[in-house]
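A.B. asks: sequence and predicted structure below; questions after.
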Amino acid sequence: MPERTAIIIGAGPAGLTTAYELITRSDIKPIILEKSDYMGGIARTVDYKGYKLDIGPHRFFSKSDRVMDWWLEMVPLAAGDGSHQQITYQQKSRTVKTNEAGADPKKDDRVMLMIQRKTRIYYLRRLFDYPISLNLGTLQNLGPIRTVRIGCSYLKAAAFPIKPEVNLEQFLINRFGHELYLTFFKDYTEKVWGIACDKISAEWGAQRIKGLNIMKALTHALKKVVSPPKDIKQKGTETSLVEQFLFPKYGAGQMWEVVSGKVREGGGQIVVDTNVTRINVKDNRVISVETENSKTGEKKTFTGDMFFSTMPIQELVRDLSCDVPKDVKEIAEGLVYRDFVQVGVLVDKMKITEKTEQGTDGPITDNWIYIQESDVKVGRVEIWNNWGGGMVKDQSKIWLGMEYFCNEGDEIWSLSDEDMVKLAVEELDKIGIAGKESVLDSTVVRMPKTYPGYFGTYDRFDDLRGYLDKIENLFLIGRNGQHKYNNQDHSMLAAMTAVDNIVRGDMTKDSIWAVNTESEYHEEKSDT
């Protein structure tokens with residue numbers, strides 16, 4: 001039989017996973033068309049003078065054994081100090097000696113580190129636990145009056161939940177109470193999305209924090225004191241409560257550089273700097289994709305037997321050659337995306353500190369902190385020193401990532417790099433994280449369409465999906481490809497599921513869309 005070809009648009013986690021799975025499990029040759037010159041999409045890692053930063057924090061954690069094992073096959077787990085580590089696999093546990101299963105982080109570059117998660121909320125110029133726990137420190141920070149209001153508000157929400165639960169505001173109030181929602185969720189969420197919480201679908205909460213509430217947070221806190229988690233897969237833990245996760249030594253992008261290398265070694269092709277300009281459809285099948293090289297202007301057409309798209313659906317619909325119905329175009333054009341700017345700031349010290357094991361003041365050990373302060377625009381700050389050491393060239397310096405959420409073309413997005421750095425440094429100083437005088441260097445990274453929005457025409461998305469699913473050999477995968485706010489493991493599982501179907505001759509799409517919807521993939525543990 002003649003060799004079959006799969007055209008894959010995008011070299012992010014979903015696209016690269018698809019290519020690798022096709023190479024290792026089928027006779028189908030993958031050709032990836034990537035518009036940039038880097039691998040990983042929004043899971044890329046940027047290197048600035050030896051200081052690395054990711055486009056947002058990409059934790060390597062999944063409830064799926066398949067994904068966890070896939071990651072560790074690509075980047076082996078670090079050797080420990082000879083201690084034993086319990087690892088659960090397919091509902092069975094075994095204990096392995098850490099130095100039997102991994103690489104040496106000091107000598108080996110390709111190594112997966114185990115990172116202790118610590119994230120807090122910065123509010124009232126103080127650090128609060130995340131998730132919020134009603135410990136003495138939290139009560140002291142909030143004060144007695146606000147604490148009582150929060151408690152009463154939660155009890156009211158528990159007794160009289162809002163029904164039906166339509167928008168994100170209602171979703172959060174039902175789980176945390178109105179007062180805690182106003183204190184710790186409303187401002188930050190609206191800073192991220194640039195729109196009121198009551199205009200965002202409750203489905204966003206179901207995608208990102210389903211299953212988390214005050215009672216589960218308190219129960220988890222008690223369990224943590226009695227029995228700290230040992231299983232790196234942590235299948236019984238809500239994602240928002242995960243205590244430890246895996247992370248490649250040199251950032252999330254290192255994983256996808258490794259995978260891209262394996263794709264090429266296996267006979268796959270990755271074509272970079274390539275923009276898709278037209279998708280030719282005939283008789284409900286894609287027959288070819290037309291492209292243009294962004295650097296040379298060279299135009300080329302790629303034909304194939306099946307097509308996988310991780311490109312934003314809005315752009316996909318614009319590129320279709322067929323006569324797309326007016327209502328489908330309208331829905332696609334009405335989809336909303338949120339964009340992202342990160343300012344990397346190198347400082348020699350931070351103003352906020354915590355006690356070290358020696359009892360002295362030292363830098364905070366958080367992976368990142370959520371900025372809940374309403375008088376600044378920054379939404380989150382990463383402390384890249386606390387991601388295993390490989391992200392920071394000089395550990396005597398502190399490498400911060402200042403995250404700004406914006407819309408492409410708006411005030412934040414349009415600032416020059418110089419003005420963007422100026423804003424970030426001023427805000428660091430204003431809220432007391434680091435002084436202007438401590439700044440040593442900086443860089444700016446912009447990433448469009450980082451977050452697909454659950455508003456705009458999203459309430460009509462099923463009609464759009466129904467139309468695209470009728471194109472028999474077109475498979476939508478990935479965060480933007482499906483317009484779902486997925487983690488990278490969900491994007492990978494959608495890709496794996498698509499390949500599973502194709503290998504057995506099943507061209508249906510429902511099981512692909514069900515990833516991060518069915519109980520097997522939920523961030524919430526099933527009670528059954």
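C.D. replies: On my side now, so go ahead.

A.B. asks: now the helices for the stretch 151-300 of the chain?
C.D. replies: All helices of the stretch 151-300 of the chain, identified by DSSP state H, counting those that start in this stretch, fall at 168-176, 178-180, 186-193, 203-208, 214-226, 252-265.

A.B. asks: of these, which is nearest residue 418?
C.D. replies: Minimum separation from residue 418 across the helices of the stretch 151-300 of the chain (Cβ to Cβ) falls at helix 186-193, 23.2 Å. For every residue, glycine as well, the C-beta is placed using N, CA and C.

A.B. asks: do you know how far the nearest residue to residue 266 once chain neighbours are set aside is from residue 29?
C.D. replies: Distances taken as Cβ to Cβ, 6 or more residues apart in numbering place residue 23 nearest to residue 266, at 3.8 Å, with adjacent residues excluded. According to Cβ to Cβ, to the nearest Å, residue 23 and residue 29 sit 8 Å apart.

A.B. asks: need the overlap of contacts for the two.
C.D. replies: Common contacts of residue 23 and residue 29 (Cβ atoms under 8 Å, 6 or more residues apart in numbering): 267, 268.

A.B. asks: neighbours of residue 395, just the number please.
C.D. replies: 9 (other Cβ atoms under 10 Å).

A.B. asks: actually residue 469, not the one I wrote
C.D. replies: So residue 469, with other Cβ under 10 Å, has 16 neighbours.

A.B. asks: that one reaches residue 509, doesn't it?
C.D. replies: Yes: using Cβ atoms under 8 Å, residue 469 is in contact with residue 509, at 4.7 Å.

A.B. asks: low-confidence regions, the stretch 51-200 of the chain specifically.
C.D. replies: 80-102, 131-135 (pLDDT under 70).

A.B. asks: all strands of it, in order?
C.D. replies: 51-54, 77-78, 84-89, 92-97, 102-103, 112-116, 119-123, 126-129 (DSSP state E, counting those that start in this stretch).

A.B. asks: so which elements touch the second one?
C.D. replies: The one in question is strand 77-78. On a contact count with 3 or more Cβ pairs under 8 Å, 6 or more residues apart in numbering; DSSP states H and E, strand 77-78 meets helix 98-101, strand 102-103, strand 112-116.

A.B. asks: most packed of the helices of the stretch 151-300 of the chain?
C.D. replies: For these, the largest average neighbour count (mean count of other Cβ atoms under 10 Å) is found in helix 168-176, namely a mean of 24.

A.B. asks: okay, the angle between it and helix 186-193?
C.D. replies: Inter-element angle recorded for helix 168-176 and helix 186-193: 140 degrees (by axes from the mean of the first three to the mean of the last three Cα atoms, to 10 degrees).

A.B. asks: what's in contact with helix 168-176?
C.D. replies: Residues outside helix 168-176 that contact it (Cβ under 8 Å, 6+ apart) are 154, 157, 161-162, 165, 181, 184-186, 189, 196-198, 200-202, 204-206, 212-214, 454.

A.B. asks: same question, stretch 118-130
C.D. replies: Residues contacting stretch 118-130 (Cβ under 8 Å, 6+ apart): 132, 135, 137-138, 141, 183-184, 188, 352, 364-373, 381, 386, 431-433.

A.B. asks: quick check, residue 285 in contact with residue 470.
C.D. replies: No: with contacts counted by Cβ under 8 Å, residue 285 stays clear of residue 470, the gap being 10.2 Å.

A.B. asks: who's more crowded, those two?
C.D. replies: Higher neighbour count among residue 285 and residue 470: residue 285, with 14 against 10, using other Cβ under 10 Å.

A.B. asks: separation between that one and residue 507?
C.D. replies: 10 Å.

A.B. asks: verify the stated contact: residue 183 with residue 150.
C.D. replies: Yes: the pair residue 183 / residue 150 is scored as a contact, 6.8 Å apart, by Cβ under 8 Å.

A.B. asks: which of the two has more neighbours?
C.D. replies: Between residue 183 and residue 150, counted using other Cβ under 10 Å, residue 150 has the larger neighbour count: 25 against 22.

A.B. asks: relative to residue 172, how far out is the more buried one?
C.D. replies: Distance from residue 150 to residue 172, by Cβ to Cβ: 13 Å.

A.B. asks: and residue 405, how many neighbours?
C.D. replies: Considering only other Cβ under 10 Å, residue 405 is surrounded by 21 other residues.

A.B. asks: what about it, helix or strand, and which?
C.D. replies: Assigned by DSSP states H and E, residue 405 belongs to strand 398-406.

A.B. asks: orientation of that strand relative to helix 186-193 in degrees?
C.D. replies: Using the same axes, to 10 degrees: strand 398-406 against helix 186-193 is 80 degrees.

A.B. asks: what is the subsequent helix or strand relative to strand 398-406?
C.D. replies: With DSSP H and E, the next secondary element past strand 398-406 is helix 411-414.

A.B. asks: where does this structure have low pLDDT?
C.D. replies: 1-2, 80-102, 131-135, 207-243, 517-528.

A.B. asks: again, 50 this time
C.D. replies: Confidence mapping of the chain against pLDDT under 50 gives the ranges 87-97, 220-222, 224-226, 229, 238-242, 518-528.

A.B. asks: neighbours of residue 475, how many?
C.D. replies: 30.

A.B. asks: what residues are bridge-paired with it?
C.D. replies: On the basis of DSSP bridges, residue 475 is bridged to residue 308.

A.B. asks: does it touch residue 511 like I think?
C.D. replies: No: the criterion here is Cβ under 8 Å, and residue 475 misses it with residue 511 at 11.1 Å.

A.B. asks: what do the two both touch?
C.D. replies: Joint contacts of residue 475 and residue 511 (Cβ under 8 Å, 6+ apart) do not exist.

A.B. asks: next, count neighbours for the nearest residue to residue 147 once chain neighbours are set aside.
C.D. replies: Distances taken as Cβ to Cβ, 6+ apart place residue 139 nearest to residue 147, at 5.3 Å, with adjacent residues excluded. Per other Cβ under 10 Å, the neighbour tally for residue 139 reads 13.

A.B. asks: so residue 139 sits right up against residue 145, yeah?
C.D. replies: No: with contact defined as Cβ under 8 Å, residue 139 does not count as touching residue 145 (11.2 Å).

A.B. asks: nearest residue to residue 115 in space, please, no chain neighbours.
C.D. replies: Per Cβ to Cβ, 6+ apart, closest to residue 115 is residue 247, 4.9 Å.

A.B. asks: now swap in residue 206 and tell me
C.D. replies: Using Cβ to Cβ, 6+ apart, the nearest residue to residue 206 is residue 171, at 7.5 Å.

A.B. asks: list the buried residues in the longest strand anywhere in the chain.
C.D. replies: Identified as the longest strand of the chain according to DSSP state E is strand 439-452. Neighbour counts over strand 439-452 (16 or more other Cβ atoms under 10 Å) mark 439, 442, 443, 444, 445, 446, 447, 448, 449, 450, 451, 452 as buried.

A.B. asks: which residues touch it?
C.D. replies: Counting by Cβ under 8 Å, 6+ apart, residues outside strand 439-452 touching it are 42, 46, 48-49, 53, 55-56, 192-193, 312, 335-348, 397, 405, 408, 413, 417, 420-421, 424-425, 428, 479-480, 483-485.
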